[in-house]
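Participant: What shape does this take:
(one chain, ligands or ions: 1)
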Amino acid sequence: MTEKFKTPDPTMPTSADVVVIGGGTIGALVTLQLQEAGLKTVCVEAHSTNFGSSSRSAAAARQQFGMEANITMQLYSVDFFANWKKTLGGTTPPMHQVGYHFMFDNNFTDNGSTRVDSKAVVAAKLKRVEKQRALGLNDVELLMPDEVAERFPYVDTSELACSTFCQTDGYCYPNVITNDGFDRAKSLGATLLQNTLVSGFKTDSNGNITAVVTNKGEIPCQYVVNAAGVWASRVGDMVGTELPISPVRRYLYFMGPNLGQLDYDSFAKKNNLPMPMSDMPFTVTPNGAYCRADGKQFMLGWDRRPSEDVIYDLPSLVDHDASIQAQDIIQDGFRTNDDPSYAEEMCMEVSERLPFVLDHCGFASATSGFYGITADHSPIISFDSNAKNLIHCTGFSGHGIMQGPAAGKLVIDLITGNTSPIVDPFVYSLGGLLSHLNGDTKNARPAEHMVI
Ligand SMILES: Cc1cc2nc3c(=O)[nH]c(=O)nc-3n(C[C@H](O)[C@H](O)[C@H](O)COP(=O)(O)OP(=O)(O)OC[C@H]3O[C@@H](n4cnc5c(N)ncnc54)[C@H](O)[C@@H]3O)c2cc1C
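Facilitator: Numbering: from 1, shown residues only. Next comes the predicted model:
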């Protein structure tokens, strides 16, 4: 080793109360709230902020969940985003509260079996809306098809059972969260180290972490938060803990009204669309495909594999060796010009409810990224079982932008030993997830079913 590498980097902090690994939205929101709580925090990011999944996200933010803890977390998170400008300043709010519109068809699924029963669907959705309202989500509504047609005249409501809609939901701007979040955290005394890779830990005789080891030197610390996104399991490996998170590749597609031929106002008038375009709610079809405005384009995505009658030669979407360099790979069959193409099939799915996407719209681009998925679709926000001062904050299963503020709050509750935490920590515990995986229903944490 040359002398150059032996010399400690003078910009490296000499100590921290907490080191946060990962500079995505979770890293930013955890760092910000820890520093606001008075804990000296250093965030270490291997590349640049917003380099991972956060920048490849549809960034929907909703409070409409099924599990009580998730609803509570989301009330906190949306309130945090809504008050961001007031408390943090900055020029742009991080969330656009245009509403979130879930549509449901007549297929009622109960205990794994599906039957066509409109009344049962409506009754089940009403029950959920009532639960959400009882927990404080006052502006969630159940809409019958005629109300949907009146409120959203661009929706095809044929064979729709009902919808749920919440005006204070919407979608976020991840770059605003990371840029303004880190700026504010730094102004309070936090440190952000970019292009700095965490490669291991120094531990004491009990296995607890005494310092974080990076390619630029070591940072002695009291606590470590693992916010390394889909790569968090590698951090778990550093202390001998296996984190059950699967990296699953997901795509987003961008379509534009063909503005060469048609300006948006004429396009909107013809299709009864909101004006401005950005006021369209985040809209989900009964089969889990979604659409929202994205600048002057529409963003579309889908939680499904292509239907079996379309032949694709697809590699597995679960990529256990997912590397950060592999984020941008668009697999065969998923490019916009492939034939047959997943994009085309997704577009047909969206157009069943939102026919305007077939009217003068064309694909402009596609992006890909990883979901870090757990078996029960809830994150792991939990102390590690080997290193007792390591907290994992990962496995958000496609909800990491929206759950970030509340996740940061729970991390603080864990570190400070708050006896009235935001939610019962068991709900997001690693132990509860392992019990779920082992079929130990008595000790398993609850599972969320409102996922896309
Ligand atoms: C197509 C798509 C659509 C999505 N839609 C939504 C949505 O609508 N709503 C929603 O809430 N969520 C959505 N998500 C999920 C959301 O993007 C993620 O849950 C969220 O971005 C996770 O944030 P993060 O900060 O944990 O991870 P990331 O943004 O991936 O950040 C992790 C960071 O850790 C760094 N890192 C990793 N290892 C190390 C190391 N050893 N040392 C230092 N740094 C390290 C990485 O470089 C990376 O920058 C979507 C994701 C995708 C791909």
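
Participant: where's Q35, which helix or strand?
Facilitator: Q35 belongs to helix 25-36 when assigned by DSSP states H and E.

Participant: Other residues contacting that helix?
Facilitator: 17-18, 20-21, 41, 43, 45, 49-50, 54, 174, 177-178, 181-182, 184-185, 188-190, 192, 225, 227, 229, 393-394, 396, 400-401, 404-405, 407-409, 411-412, 415 (Cβ atoms under 8 Å, 6 or more residues apart in numbering). The C-beta positions use only the backbone N, C-alpha and C, and glycine is treated the same way.

Participant: Check stretch 150-159 too.
Facilitator: In contact with stretch 150-159 (Cβ under 8 Å, 6+ apart) are residues 101, 103, 105-106, 143, 145-146, 148-149, 165, 271-274, 281, 283, 352-356.

Participant: in the stretch 151-300 of the chain, what residue is nearest the ligand?
Facilitator: G229 (2.6 Å; Cβ to the nearest ligand atom).

Participant: Double-check that residue against T394; I have them as touching.
Facilitator: Yes: using Cβ atoms under 8 Å, G229 is in contact with T394, at 6.4 Å.

Participant: which residues do the two both contact?
Facilitator: The contact sets of G229 and T394 overlap at I26, G372 (Cβ under 8 Å, 6+ apart).

Participant: picking that back up, which residues are in contact with the nearest residue to the residue of the stretch 151-300 of the chain closest to the ligand once chain neighbours are set aside?
Facilitator: Spatially, and ignoring its direct neighbours in sequence, G229 is nearest to G52 (4.6 Å; Cβ to Cβ, 6 or more residues apart in numbering). With contact set as Cβ under 8 Å, 6+ apart, G52 has these partners: G22, G24, G229, V230, W231, I324, Q327, G369, F370.

Participant: is the ligand contacted by the helix holding Q35?
Facilitator: Yes: judged by Cβ under 6 Å from any ligand atom, helix 25-36 and the ligand are in contact via T25, I26, G27.

Participant: quick one, helices of this protein?
Facilitator: Remark: helices assigned in the chain by DSSP state H are 3-6, 25-36, 68-82, 84-88, 118-134, 145-151, 174-187, 232-238, 264-271, 342-353, 400-416, 430-437.

Participant: looking at those, which has the lowest confidence?
Facilitator: Ranked by mean pLDDT, the helices of the chain bottom out at helix 3-6, which scores a mean of 48.

Participant: Let me know how buried M144 is, in neighbour terms.
Facilitator: 13 (other Cβ atoms under 10 Å).

Participant: Number of residues surrounding the residue nearest to it when sequence neighbours are not counted?
Facilitator: Of all residues not flanking M144 in the chain, C162 sits nearest, at 5.6 Å (Cβ to Cβ, 6+ apart). Residues lying near C162 (other Cβ under 10 Å) number 24.

Participant: Repeat that for G372.
Facilitator: Neighbours of G372 using other Cβ under 10 Å come to 26.

Participant: In contact with the closest residue to it other than its chain neighbours, which residues?
Facilitator: Excluding the flanking residues, the one nearest G372 by Cβ to Cβ, 6+ apart is V230, at 4.0 Å. Contact analysis of V230 by Cβ under 8 Å, 6+ apart lists G52, S53, I245, P247, A322, F370, Y371, G372, T394.

Participant: same check, this time on Q167
Facilitator: Counted by Cβ under 8 Å, 6+ apart, Q167 has contacts Q97, G99, D139.

Participant: what about the nearest residue to the second one once chain neighbours are set aside, how many residues close to it?
Facilitator: It refers to G99. Among residues not flanking G99 along the chain, P281 sits closest, at 3.6 Å (Cβ to Cβ, 6+ apart). Neighbour count of P281, defined by other Cβ under 10 Å: 24.

Participant: and the residue in the stretch 301-450 of the chain positioned nearest to the ligand, how many neighbours does it have?
Facilitator: Closest residue of the stretch 301-450 of the chain to the ligand, Cβ to the nearest ligand atom: G400 (2.1 Å). If you count neighbours by other Cβ under 10 Å, G400 ends up with 28.

Participant: wait, doesn't it sit right on G229?
Facilitator: Yes: using Cβ under 8 Å, G400 makes contact with G229 at a distance of 7.4 Å.

Participant: Name the residues contacting each of the two.
Facilitator: By the contact definition Cβ under 8 Å, 6+ apart, G400 and G229 are jointly contacted by G24, I26, S53, S54, G372.
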